[in-house]
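Peer 1: requesting a structural model of the entry that follows:
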Amino acid sequence: MSSVQRTGYESARPTHVCAATGRALEAGERYVAVLTEAPASEELVRSDYTLGAWEAGHRPGRPVLAVWRATEGDRGRGAAAVMGTEEVLALFESMEAAEEGRAAVFRYLLALLLLRKRVYRVVDQRVGEHGRPVLQLVRRGGQQGIEPEVVEVVDPGMDEEAVAAGIEELGAVLAGAEPQGGAA
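Peer 2: Next comes the predicted model:
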């Protein structure tokens with residue numbers, strides 16, 4: 001399987017610990033979750049920061065792929081709730097410039113989730129600059145008589161098995177989250 005087909009989300013589960021302070025996050029505590037790519041591999045690394053640490057300027061030392069706010073779940077009561085549709089949509093929209101690498105894979109998987117939830121529909125497909133397919137999507141439920149905005153998503157070339165594994169892992173990556181208004 002090629003490197004683009006590996007999901008890399010297995011290592012990106014919630015850490016339950018602030019990356020800056022080392023303090024365990026408490027149930028119900030709001031925090032900032034950050035996805036970065038590990039420098040020596042193709043795996044994604046999730047770092048969680050308390051709001052205080054984030055607001056004090058603590059950041060990972062690597063380029064950030066995605067940032068969102070989350071609430072720590074009660075680990076004794078089972079898994080935290082997965083992001084709602086509006087939160088997934090906000091995270092997807094905040095990553096509109098992602099066309100290469102892991103960020104593009106992450107955005108593509110978010111687009112597939114939004115297609116499955118019937119937020120978007122595919123209106124066309126074209127070949128992009130690098131010869132890869134580009135999905136052209138429009139949001140469902142727009143106002144009558146107004147031309148919907150076309151959103152383009154680069155297909156990173158994942159096979160069906162990699163897409164299925166990636167979407168399954170997204171549930172763990174995004175558990176209990178609500179978006180922050182854009183990347184760091």
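Peer 1: OK, contacts around the residue positioned nearest the centre of the chain?
Peer 2: Centroid-nearest residue in the chain: F106, 5.3 Å away (criterion: CA atoms, centre = their mean). Taking CB atoms under 8 Å, 6 or more residues apart in numbering, we find F106 in contact with 35, 44, 65-66, 95, 98. For the C-beta atoms, the positions are set from N, CA and C on the backbone; glycine is no exception.
Peer 1: at 7 Å instead, please
Peer 2: If you count contacts by CB atoms under 7 Å, 6 or more residues apart in numbering, F106 has them with 65-66.
Peer 1: in whichever strand or helix holds it, what's buried?
Peer 2: Counting by DSSP states H and E, the element that carries F106 is helix 101-116. Using 16 or more other CB atoms under 10 Å as the test for burial, helix 101-116 gives 102-115.
Peer 1: got these as TSV, with pLDDT columns?
Peer 2: Formatted as TSV, the buried residues of helix 101-116 follow (pLDDT from 0 to 100):
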residue	pLDDT
R102	73
A103	77
A104	80
V105	82
F106	83
R107	87
Y108	88
L109	88
L110	89
A111	91
L112	87
L113	86
L114	90
L115	90
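Peer 1: and the closest residue to D155 other than its chain neighbours, what does it touch?
Peer 2: Nearest residue to D155 in three dimensions, chain neighbours excluded: P133, at 4.2 Å (CB to CB, 6 or more residues apart in numbering). Listed by CB under 7 Å, 6+ apart, the contact partners of P133 are 125, 127, 155.
Peer 1: okay, now the last one: neighbour count?
Peer 2: To tie it back to what came earlier, the one meant is D155. When neighbours are defined as other CB atoms under 10 Å, D155 has 15 of them.
Peer 1: next: the second one.
Peer 2: V127: 9 surrounding residues under other CB under 10 Å.
Peer 1: for it, list each beta-bridge partner.
Peer 2: Note on V127: beta-bridge partners by DSSP bridges are P133.
Peer 1: least confident secondary structure element in the chain?
Peer 2: Using mean pLDDT, DSSP states H and E, the weakest-scoring helix or strand in the chain turns out to be strand 177-179, at a mean of 49.
Peer 1: okay, now the unreliable bits of the chain?
Peer 2: 1-12, 42, 74-84, 169, 171-184 (pLDDT under 70).
Peer 1: where along it do the helices fall?
Peer 2: Secondary structure of the chain (DSSP state H): helices located at 51-55, 85-94, 101-116, 160-173.
Peer 1: tabulate those (CSV), appending distance to E72.
Peer 2: Converted to CSV, the helices of the chain look like this (distance: least, CB to CB, whole Å):
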stretch, distance to E72
helix 51-55, 11
helix 85-94, 16
helix 101-116, 22
helix 160-173, 15
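Peer 1: ok, which of the ones you listed comes nearest L137?
Peer 2: When these are compared by CB to CB, helix 101-116 sits nearest L137, at 6.7 Å.
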